[in-house]
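Novice: Sequence first, predicted model second:
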Amino acid sequence: MKEKVLRVGAVVCVVLGLSLALAACSTAPLSKSEKVQHQDSVRAMASKTLADLQRTKPEARKAASEAAGYAVFSDVGLKILYMGTAKGAGIAVNNATKQETFMKMFELQPGMGLGAEKYRVVFVFETPAAFQSFVTSGKELGADDMAVAKDKTQGGALAGAVTVSEGVYMYQVDTEGAIVGVSITGAKFYKDKELN
């Protein structure tokens, strides 16, 4: 019985991997109107996320608006047996110039589970250098980074956030804006070439 479960799990992981690879290869370029629709959708998600977060943590939105910049991502994940993946879209905003950079997120979710999960992530960047590095180079977060981050929760205006790196703080919130802690195990954040 155990061997059968392991075989099914291996098959599911292979199928999931192939599906992701095919999806990445089969995307056609966006038309101008599709690009604008996608951009507007990401902006609306970010605005709603910040409004929801402000309802539960009023100081969080102030921290984001007074920082050098912030980024907001919506993430939808699917986990089947031993492995899951998640992908999302987001936007990074430079508070000084109001320049927007559209970004993507990809996450691997190892471990047992079954079902879909949706959450949002808000990054706050204290310095222009931290913001610029995130936008130009992207960011990778592994399980070790997140384990350290969980031990560095913030107080004051950043209460509920975790320290991701020097000058970079992160909130992970549910679809209602409540802070849910950190469950990211391996994620990459990078520029969206189609939407910029």
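Specialist: Right, received. Where do you want to start?
Novice: In this structure, where is pLDDT below threshold?
Specialist: 1-27, 76-85, 109-117, 142-159, 175-185 (pLDDT under 70).
Novice: Quick check: phi and psi on residue 99?
Specialist: phi -70, psi 140 (degrees, to the nearest 10).
Novice: For it, the count of nearby residues, please.
Specialist: 11 (other Cβ atoms under 10 Å). Quick note: C-beta positions are derived from backbone N, CA and C, even for glycine.
Novice: And it, how far from residue 58?
Specialist: 26 Å (Cβ to Cβ, to the nearest Å).
Novice: Ok, residue 33 next?
Specialist: Distance from residue 33 to residue 58, by Cβ to Cβ: 37 Å.
Novice: Residue 122: which element?
Specialist: strand 100-125 (DSSP states H and E).
Novice: where along this protein do the helices fall?
Specialist: 2-25, 32-56, 58-66, 128-137, 143-150 (DSSP state H).
Novice: Show the contacting residues for residue 42.
Specialist: By Cβ atoms under 8 Å, 6 or more residues apart in numbering, residue 42 lies in contact with 74, 89-91, 102, 195.
Novice: Quick check, residue 108 in contact with residue 186.
Specialist: Yes - using Cβ atoms under 8 Å, residue 108 is in contact with residue 186, at 4.5 Å.
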